[in-house]
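Any chance you could fold what I've pasted below:
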Amino acid sequence: MKRTNNETSLKEALKAMIEAYRLKPHLHQTQIKGLWAEKMGPTIAAYTTEIKLYRKKLFLTITSASLKQELAFGKDKIRDMLNEALGEDAIEDVVIR
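As a prediction, the model looks like this:
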């Protein structure tokens with residue numbers, strides 16, 4: 001099917017809308033919340049009370065002190081794994097609280 005000059009695909013229109021309304025960080029945060037239990041497992045997900053992405057920093061609130069310490073050593077791995085799953089560098093740093 002041939003497109004005329006004033007027609008755009010749905011994908012292009014959604015991408016333009018996401019950029020125009022600056023929805024990308026919110027979209028990434030929602031995707032990360034969905035990926036967290038899948039990538040980290042149900043045990044870690046159970047101890048995670050908050051996942052927030054703000055200015056390319058991922059803030060994780062963990063209720064277990066020992067798990068907090070263990071995850072702090074793997075912050076770079078967490079960042080890389082989630083960025084790979086998202087398909088872009090949406091996270092620059094991970095802050096574990």
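
Let me see the ranges of the helices in this protein.
10-20, 24-40, 42-47, 65-73, 75-86 (DSSP state H).

Could you list the buried residues of the last one?
Same thing as helix 75-86. By neighbour count on 16 or more other Cβ atoms under 10 Å, the buried set for helix 75-86 is 75, 78-79, 82-83. The way it works is simple: take the backbone N, C-alpha and C, and place the C-beta from them, glycine included.

Would you mind measuring from residue 96 to residue 71?
Distance of residue 96 to residue 71, computed by Cβ to Cβ, to the nearest Å: 5 Å.

Residues that sit against both of those two, list them.
Counting by Cβ atoms under 8 Å, 6 or more residues apart in numbering, the residues touching both residue 96 and residue 71 are 60, 62.

just to revisit the earlier point, residue 53 is nearest to which of the helices of the chain?
Nearest to residue 53, of all the helices of the chain, is helix 24-40, at 4.2 Å by Cβ to Cβ.

Now the weakest link among the helices of the chain, please, by mean pLDDT.
Looking at the helices of the chain, the lowest mean pLDDT belongs to helix 10-20 (a mean of 83).
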